[in-house]
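Undergrad: next input, structure requested:
(chains A and B)
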Amino acid sequence: MAKNPTPTEATAPTLDLRVARQLEKLRRMPSRDHAMAQHGRNAFLAEAQSLRLKEPSIRLSWYDWLGRLIRPRPGLLLRALIVIVVISGTIAAMSSLATATQYSLPNQWLYPLKQWMENGQLAFARTPKDRSDLALTFAFRRIKEIELLNEQGIAVPESVLARMHHEIAFALEAASHMDDAAMQQALQDTDGQLLLQEEVLRQANPPVSLDTLDLIERQRLWVELGLLEPQGFREQIRTLGTSPLSGPNMP
Amino acid sequence: MEIRDWLNLQSLISSLQSPKSVTSASDLSLLQRAKAFDLQVLGLIYDHYSPGIYRYAYRLLNDAALAEACVSEVFSQLLQALSSKGKDGHIRDIEIQLFHSAMLWIERELARNRDSALATVTRDLDSPIEAEDLRIALRQLSAEARTLLLLKFLESWDNAQLSALIDAPANSLHGRYQHALIELRQALTSSPEAAKPFRGG
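TA: Sure thing, here's the model as predicted:
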């Protein structure tokens, strides 16, 4: 082995660098023929087009499908606008429905929905005061419904009267769970509703049955008991439940 | 072209210029649109990648027609892979898919023309080396070695791309690159006969 390497016996790493530099000779090359390149491109896109037609289903995302439903295909901004309009419209429609439902009468198709919503609200009322306030609010609605039916010359359905009595019974039962001061206030509010009911029903045309007016009187007696003997009132309610307070079951 | 279309194309061009494999949402969107045979996207892909494929093929084959044939074949294979009837129907990176196909196509082409592939060159590295000599030497290397040399040295591919292409760990690439250089040196200086170093122009 030579002690002094000849210029041709350079070390491997240096040789490798020299080899790597030689690769530069391949960097320069003739320009690509534009016509051939374009021909190849056209053939590629033609093949893509034929494959596209043969595909059983084109894989599109959900927004592509939304765009296909609306022609011409909307841009991102327009798609966002459509989504906003749809959501706003849905909210507006639901608000309108809720409003219409609230003012619906027993002879209208939305009335069952109104009853269903009121039942739901009563079911979710947490405190005795909330339950009492809600029940009296709904009882007041019954009075307004009766007045409107009277104006239209429509007889008050028995189901509406029964529901009204049951709401008063519900308010009385809720009051029995309050302390003395709160119960006093709740019973006074209930008595106010009962007086209003009596006044409206005495003017009903066609007239309501005497049983209805008698039930109102009995409910007023319960109120009087609660105002005079709160504890006795509570014990009576617990013993008897609400059935004697409301008459027929609530629809 | 409407502004909306122009902006969409600019974002697609940016995603194509990303050196990394498909990882971002925009790359995934590009791939989704390619799989849906969006002709605009496919045209963009062709315009962006076909020059690199052509250069790679021409540097090894020294034939414009063969290089264009290579480009056509690899892009046709790309379409088949994108379609639902593709071999596995799953592509992660379009660039890797294309160059891998080109690597295999050139390997088959060189095997078909075995006579020229077996031509050897004997050169002293101190003497001028012609481009054709380099090609002859490169053809004697393995497909992986010559691809590494061409793409790393002449196309500035990074290790992440190369490791994805040849399916090797990134930390092994330096060694493979050095080994490829040694192979090329041996191919440039070796001869089937014991020949004297050639000192010519």
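
Undergrad: give me the element A:Gln184 is part of.
TA: A:Gln184 belongs to helix A:180-202 when elements are defined using DSSP states H and E.

Undergrad: ok, residues contacting that helix?
TA: Here helix A:180-202 makes contact (CB atoms under 8 Å, 6 or more residues apart in numbering or on different chains) with A:128-129, A:132, A:136, A:139-140, A:142-143, A:146-147, A:150, A:156, A:164, A:168, A:171-172, A:174-176, A:178, A:208, A:212-213, A:216-217, A:219-220, A:223, A:226-227, A:230, A:233. Backbone N, C-alpha and C define where each C-beta goes, glycine included.

Undergrad: can I get the buried part of those as one PyMOL selection?
TA: Buried residues among the contacts of helix A:180-202 (16 or more other CB atoms under 10 Å in any protein chain shown), as a PyMOL selection:
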select buried, chain A and resi 128+129+132+136+139+140+142+143+146+150+156+164+168+171+172+174+175+176+178+208+212+216+219+220+223+226+230+233
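
Undergrad: re the thing from before, check which residues of the helix holding A:Gln184 are buried.
TA: Result for helix A:180-202 [16+ other CB under 10 Å]: buried residues A:Met183, A:Ala186, A:Leu187, A:Asp189, A:Thr190, A:Asp191, A:Gln193, A:Leu194, A:Gln197, A:Glu198, A:Val200, A:Leu201.

Undergrad: quick check, nearest of these to A:Leu105?
TA: Set against A:Leu105, the nearest of the buried residues of helix A:180-202 by CB to CB is A:Val200 (14.6 Å).

Undergrad: how about chain B: which residue is closest to chain A?
TA: B:Phe37 (3.7 Å; CB to the nearest CB).

Undergrad: any idea how far B:Leu42 is from the residue nearest to that residue when sequence neighbours are not counted?
TA: Distances taken as CB to CB, 6 or more residues apart in numbering or on different chains put A:Arg52 closest to B:Phe37, at 3.7 Å, once the chain neighbours are dropped. Computed as CB to CB, to the nearest Å, the A:Arg52 to B:Leu42 distance reads 9 Å.

Undergrad: of those two, who's got more company?
TA: Neighbours were counted for A:Arg52 and for B:Leu42 using other CB atoms under 10 Å in any protein chain shown; B:Leu42 has more, 25 against 16.

Undergrad: which residues touch the closest residue in space to the more buried one that isn't next to it in sequence?
TA: Nearest non-adjacent residue to B:Leu42, counting by CB to CB, 6+ apart: A:Ala48, 5.0 Å away. By CB under 8 Å, 6+ apart, the contact set of A:Ala48 is B:Phe37, B:Leu39, B:Leu42, B:Leu79.

Undergrad: which SSE is A:Ala48 in?
TA: Assigned by DSSP H and E, A:Ala48 falls in helix A:34-54.

Undergrad: for that helix, buried residues please.
TA: A:Met36, A:Ala37, A:Gly40, A:Arg41, A:Phe44, A:Leu45, A:Glu47, A:Ala48, A:Leu51, A:Arg52.

Undergrad: next one: stretch B:162-177
TA: B:Leu162, B:Ser163, B:Ala164, B:Leu165, B:Ile166, B:Ala168, B:Leu173, B:Arg176, B:Tyr177.

Undergrad: can you pull the contacts of the fourth one?
TA: Counting by CB under 8 Å, 6+ apart, B:Leu165 makes contact with B:Ile96, B:Phe99, B:His100, B:Met103, B:Thr147, B:Leu151, B:Trp157.

Undergrad: secondary structure element for the second one?
TA: What it means is B:Phe99. helix B:94-112.

Undergrad: repeat for B:Glu73
TA: Here B:Glu73 is assigned to helix B:64-82, by DSSP H and E.

Undergrad: which helices and strands does that helix pack with?
TA: helix A:34-54, helix B:39-61, helix B:94-112 (3 or more CB pairs under 8 Å, 6 or more residues apart in numbering or on different chains; DSSP states H and E).

Undergrad: who touches that helix?
TA: A:30, A:32-33, A:36-37, A:40, A:43-44, A:47-48, A:51, B:34-35, B:37, B:42, B:45-46, B:50, B:53-54, B:57-58, B:61, B:86-89, B:91, B:94, B:97-99, B:101-102, B:105-106, B:109.

Undergrad: show the pLDDT at the closest residue to B:Leu61 other than its chain neighbours.
TA: Nearest non-adjacent residue to B:Leu61, counting by CB to CB, 6+ apart: B:Ala67, 5.9 Å away. At B:Ala67, the model reports a pLDDT of 95.

Undergrad: and the gap between B:Ala67 and B:Leu42?
TA: Taking CB to CB, one finds B:Ala67 at 21 Å from B:Leu42.

Undergrad: what does A:Leu110 give?
TA: 56 Å.

Undergrad: just A:Ala46 next, same as before
TA: The value you get for A:Ala46 to B:Leu42, if CB to CB is used, is 11 Å.

Undergrad: anything in contact with each of A:Arg52 and B:Leu42?
TA: With CB under 8 Å, 6+ apart, A:Arg52 and B:Leu42 have no common neighbours.

Undergrad: low-confidence ranges in chain A?
TA: Low-confidence segments of chain A (pLDDT under 70): A:1-16, A:55-75, A:241-251.

Undergrad: overlap of the contact sets of A:Ala46 and B:Leu42?
TA: By CB under 8 Å, 6+ apart, no residue touches both A:Ala46 and B:Leu42.

Undergrad: tell me where the stretch 151-251 of chain A has strands.
TA: For the stretch 151-251 of chain A, applying DSSP state E, counting those that start in this stretch gives no strands.

Undergrad: the residue nearest in space to the middle of chain A sits in which helix or strand?
TA: Among the residues of chain A, the one closest to the centroid is A:Met94, at 8.4 Å (CA atoms, centre = their mean). Assigned by DSSP H and E, A:Met94 belongs to helix A:76-102.

Undergrad: for that helix, name the packing helices and strands.
TA: Against helix A:76-102 (3+ CB pairs under 8 Å, 6+ apart) you get helix A:62-69, helix A:111-124.

Undergrad: could you tell me the angle between it and helix A:111-124?
TA: Orientation of helix A:76-102 against helix A:111-124 (axes from the mean of the first three to the mean of the last three CA atoms, to 10 degrees) gives an angle of 90 degrees.

Undergrad: from the middle of its chain, how far away would helix A:76-102 be?
TA: The chain centre lies 12 Å from the centre of helix A:76-102; the measure is CA atoms, centre = their mean, to the nearest Å.

Undergrad: how about that helix: buried residues?
TA: Buried residues in helix A:76-102 (16+ other CB under 10 Å): A:Thr101.

Undergrad: how about the strand or helix carrying A:Asp130 as CSV, C-alpha atoms only?
TA: According to DSSP H and E, A:Asp130 maps onto helix A:128-151. The C-alpha trace of helix A:128-151 is given here as CSV (Å, rounded to 0.1, in the frame of the first residue of the first chain):
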residue,chain,number,x,y,z
PRO,A,128,-95.2,25.1,44.6
LYS,A,129,-95.3,28.8,43.7
ASP,A,130,-94.3,28.2,40.1
ARG,A,131,-96.9,25.5,39.8
SER,A,132,-99.6,27.8,41.4
ASP,A,133,-98.7,30.7,39.2
LEU,A,134,-98.7,28.6,36.0
ALA,A,135,-102.0,26.9,36.8
LEU,A,136,-103.7,30.3,37.5
THR,A,137,-102.2,31.7,34.2
PHE,A,138,-103.7,28.8,32.3
ALA,A,139,-107.0,29.2,34.1
PHE,A,140,-107.0,32.8,33.1
ARG,A,141,-106.5,31.7,29.5
ARG,A,142,-109.5,29.5,29.8
ILE,A,143,-111.5,32.6,30.8
LYS,A,144,-110.3,34.5,27.7
GLU,A,145,-111.1,31.5,25.5
ILE,A,146,-114.6,31.4,26.9
GLU,A,147,-115.1,35.1,26.3
LEU,A,148,-114.0,34.8,22.7
LEU,A,149,-116.2,31.8,22.1
ASN,A,150,-119.1,33.7,23.6
GLU,A,151,-118.5,36.5,21.2
